[in-house]
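> what's the 3D shape of this:
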Amino acid sequence: MLTENWSELTLDEKYEVRMKKWVEQEGVEFSPEVKKVYEERCQNIRDAVELKKRPEKTPVCPMVGFLPAYYAGITCEDAMYDYEKLAMAMDKYHKDFLPDSLYTAFLFGPGEALEKLDFKLYKWPGHGTNVDTPYQCWEDEYMKADEYDEFITDPSNFFMRKYLPRIFGALAPWQALAPFTDIVELPFVGSALIPVGIPDVQEAYKKYLEAGQMALKWIGAIGEMDTSSKTKYGIPLLLGGICKVPFDTLGDTMRGTEPMMLDLFRRPDKVHKALEVLTAINIELGIRTATTNNCPFVFMPLHKGADGFLSNKQYGEFYWPYFKAVILGLINDGLIPLLFAEGGYNQRLEFINDPDIPNGKMLWYFDSTDMIKAKEMLGEKTCIAGNVPSSLFQAGTPDQVEEYVKNLIEKVGKDGGYIVSNGAVLDDGNMDCIKAMFEATRKYG
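Model prediction:
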């Protein structure tokens, strides 16, 4: 809760409180010159999100991955393990490119902690992928087909005793634990504690605690890096909160793609009930993480909603209703959902243009979506961003990048409501081409 009377505030009043905290950054010390630049960047982003006409400046807010590491000449493994090298890389990226939004080092993750827990859901640099290759999701049926009811009835219990022991090898002994809900009266306490005394379970807890210490060391270093980028270069954080679409949570990291698709036909009622549970979980996650970071934007990576994964009928039944509920839950708490639509969303534009969602309260990053069509359909609904193709940064020329960005600004951003960015996550490429995106934005935007 941001104020004592938070629940009594209107949507717009909550929004203004969050915006003010984002701009003021209480406790962060700026020089007067840098604070002015910081506030100007915040205002330009806010104007774009609120669909203000004829913006003073078109922001350039790229969606990058391991680009700072590649640019600074360190490995992807270094970025997840060596915080001194990572700090150098993050500073070099922000100093040389001066993006209008800060790329938080939080998204790299703590390699030591993942290694300590034997994380199986992802392969990461030096641990399943090459040291110079970004991390990759490793899907499996981490929730079985006959376990829907267990998850729906008590998701925390399911995660602790089933899901976490499957995605963390070090926590496999936790399967022996009793549910915490067993402890309701004195006679129940002893039997509930017995599994905690098992040596394997205690060893699992020890590794869990050690991973927590590693995570504290990591977040301390990350916090210093992000604060440094704010105070040295006046760059605001845009990826403040984070959550997921309920369908993606279930399909990406619990059931897996193929089993999930079969579930739509074999057990649709169970899927709907699970998605209802995940809707509330993701709304709370987005609100909590954005509030912690004093940032009104909540990043949501969209995976299985892209054209081709689902028919429009399936999308309308299983994906959009719960996605929409998360969007509205965040907006109603004064937040701005930042929707990262990887792949094409040409078949989904009509869903996005939903009359129940207030105008000027979302930010959509598009990858390969037709931006002219998106502007025509969504120009009065939401700010849009992205679409500069990854192929241009790999195989194009700086002149081609400049021409592409110029065309986007003239046709999509001329009346505001547009932020320049690459389409897919940018890890590596021709650095001259990447710099051309920034230079072209400042030249034409």
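
> for the most centrally placed residue in the chain, give the beta-bridge partners.
Computing the C-alpha centroid of the chain and ranking residues by CA atoms, centre = their mean puts F299 first, at 3.8 Å. Counting by DSSP bridges, F299 is bridged to I242, L338.

> show me what the longest helix seen in the chain is packed up against.
Longest helix of the chain, by residue count under DSSP state H: helix 199-233. Using 3 or more CB pairs under 8 Å, 6 or more residues apart in numbering; DSSP states H and E as the contact test, the elements touching helix 199-233 are helix 32-49, helix 83-97, helix 111-116. C-beta here means a position set from N, CA and C on the backbone, and glycine is covered the same way.

> which residues are in contact with the residue nearest to the centre of the chain?
For F299, the contact set (CB atoms under 8 Å, 6 or more residues apart in numbering) comprises L238, L239, G240, G241, I242, L338, F340.

> over to G212?
By CB under 8 Å, 6+ apart, the contact list for G212 reads A113.

> which stretches of this structure have low pLDDT?
For the chain, residues meeting the criterion pLDDT under 70 lie at 1, 54-55.

> dump the helices and strands packed on helix 199-233 to CSV, plus distance to Y15 and mean neighbour count.
Below are those laid out as CSV (distance: least, CB to CB, whole Å; neighbours: other CB atoms under 10 Å):
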stretch, distance to Y15, mean neighbour count
helix 32-49, 10, 18
helix 83-97, 27, 19
helix 111-116, 35, 20
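
> mind putting these into JSON lines with distance to D182?
Shown next, in JSON lines, are these (distance: least, CB to CB, whole Å):
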{"stretch": "helix 32-49", "distance to D182": "47"}
{"stretch": "helix 83-97", "distance to D182": "41"}
{"stretch": "helix 111-116", "distance to D182": "28"}
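
> nearest to G416 among the ones you listed would be which one?
Evaluated over the helices and strands packed on helix 199-233, closeness to G416 peaks at helix 32-49, with 6.3 Å, by CB to CB.

> by contact count, what packs against the next helix or strand after the closest one?
Next along the chain after helix 32-49, taking DSSP states H and E as the criterion, comes helix 67-72. Helices and strands touching helix 67-72, by 3+ CB pairs under 8 Å, 6+ apart, are helix 76-81, helix 83-97.

> centroid-wise, who is the farthest residue in this protein?
Farthest-from-centroid check, the chain (CA atoms, centre = their mean): P187, 44.3 Å.

> quick one: it from V196, how far?
Note on P187: its distance to V196, by CB to CB, to the nearest Å, is 17 Å.

> for F106, the count of nearby residues, please.
The local packing of F106 (other CB atoms under 10 Å) involves 18 other residues.

> confirm for me that it is in contact with D226.
Yes - the criterion here is CB atoms under 8 Å, and F106 meets it with D226 at 7.5 Å.

> and stretch 153-161, how far apart are its ends?
One end of stretch 153-161 to the other measures 14 Å (CA to CA, to the nearest Å).

> show me where the stretch 301-445 of the chain has its strands.
Counting by DSSP state E, counting those that start in this stretch, one finds strands in the stretch 301-445 of the chain at the ranges 336-341, 363-366, 383-386, 418-419.

> what is the last one packed up against?
Helices and strands touching strand 418-419, as assessed by 3+ CB pairs under 8 Å, 6+ apart, comprise helix 32-49, strand 383-386.

> repeat that for the second one.
Helices and strands touching strand 363-366, by 3+ CB pairs under 8 Å, 6+ apart, are strand 336-341, helix 371-378, strand 383-386.

> out of the helices and strands packed on helix 199-233, nearest to L426?
Going by CB to CB, the one of these nearest L426 is helix 83-97, 11.1 Å.

> off-centre distance for the closest one?
21 Å (CA atoms, centre = their mean, to the nearest Å).

> do stretch 9-28 as well
With CA atoms, centre = their mean, you get 21 Å for stretch 9-28.

> export it as CSV, just CAs?
Output of stretch 9-28 as CSV, limited to C-alpha atoms (Å, rounded to 0.1, in the frame of the first residue of the first chain):
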residue,chain,number,x,y,z
LEU,A,9,-8.3,6.3,-4.3
THR,A,10,-9.6,6.3,-7.8
LEU,A,11,-7.7,4.6,-10.6
ASP,A,12,-6.3,7.9,-11.9
GLU,A,13,-5.3,9.0,-8.4
LYS,A,14,-3.4,5.8,-7.9
TYR,A,15,-1.7,6.3,-11.3
GLU,A,16,-0.6,9.8,-10.3
VAL,A,17,0.9,8.6,-7.0
ARG,A,18,2.9,5.9,-8.8
MET,A,19,4.0,8.4,-11.5
LYS,A,20,5.2,10.8,-8.9
LYS,A,21,7.2,8.2,-7.0
TRP,A,22,8.8,7.1,-10.3
VAL,A,23,9.9,10.6,-11.1
GLU,A,24,10.9,11.8,-7.6
GLN,A,25,12.9,8.6,-6.7
GLU,A,26,12.9,9.3,-3.0
GLY,A,27,16.3,8.4,-1.5
VAL,A,28,18.2,8.5,-4.8
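
> list the buried residues of it.
Residues L9, K14, Y15, V17, R18, M19, K21, W22, V23, Q25 are the ones in stretch 9-28 that count as buried (16 or more other CB atoms under 10 Å).

> what lies in contact with it?
Residues contacting stretch 9-28 (CB under 8 Å, 6+ apart): 2-3, 6, 38-39, 42, 46, 227, 230-231, 236-237, 240, 290, 294-296, 331-336, 358, 361.

> what's the answer for stretch 91-101, then?
By CB under 8 Å, 6+ apart, the surrounding residues in contact with stretch 91-101 are 41, 44-45, 59-62, 64, 67-68, 71-72, 102-103, 225, 228-229, 232-233, 235-239, 419, 434-435, 438.

> apply 7 Å and report the result again.
The set of residues external to stretch 91-101 that reach it, using CB atoms under 7 Å, 6 or more residues apart in numbering, is 41, 44-45, 59-62, 67-68, 71-72, 102-103, 228-229, 233, 235-236, 238, 438.

> in what helix or strand does the closest residue to Q175 other than its chain neighbours lie?
Once flanking residues are discounted, Q175 sits nearest to P165: 4.8 Å by CB to CB, 6 or more residues apart in numbering. Element membership of P165, judged by DSSP H and E, is helix 164-167.

> quick one: buried residues of the helix or strand just after that helix?
Tracing the chain C-terminally past helix 164-167 and defining elements by DSSP H and E, one meets helix 186-193 next. Using 16+ other CB under 10 Å as the test for burial, helix 186-193 gives A192.

> next, count neighbours for the closest residue to L86 other than its chain neighbours.
Of all residues not flanking L86 in the chain, A79 sits nearest, at 5.1 Å (CB to CB, 6+ apart). When counting by other CB under 10 Å, one arrives at 26 neighbours for A79.
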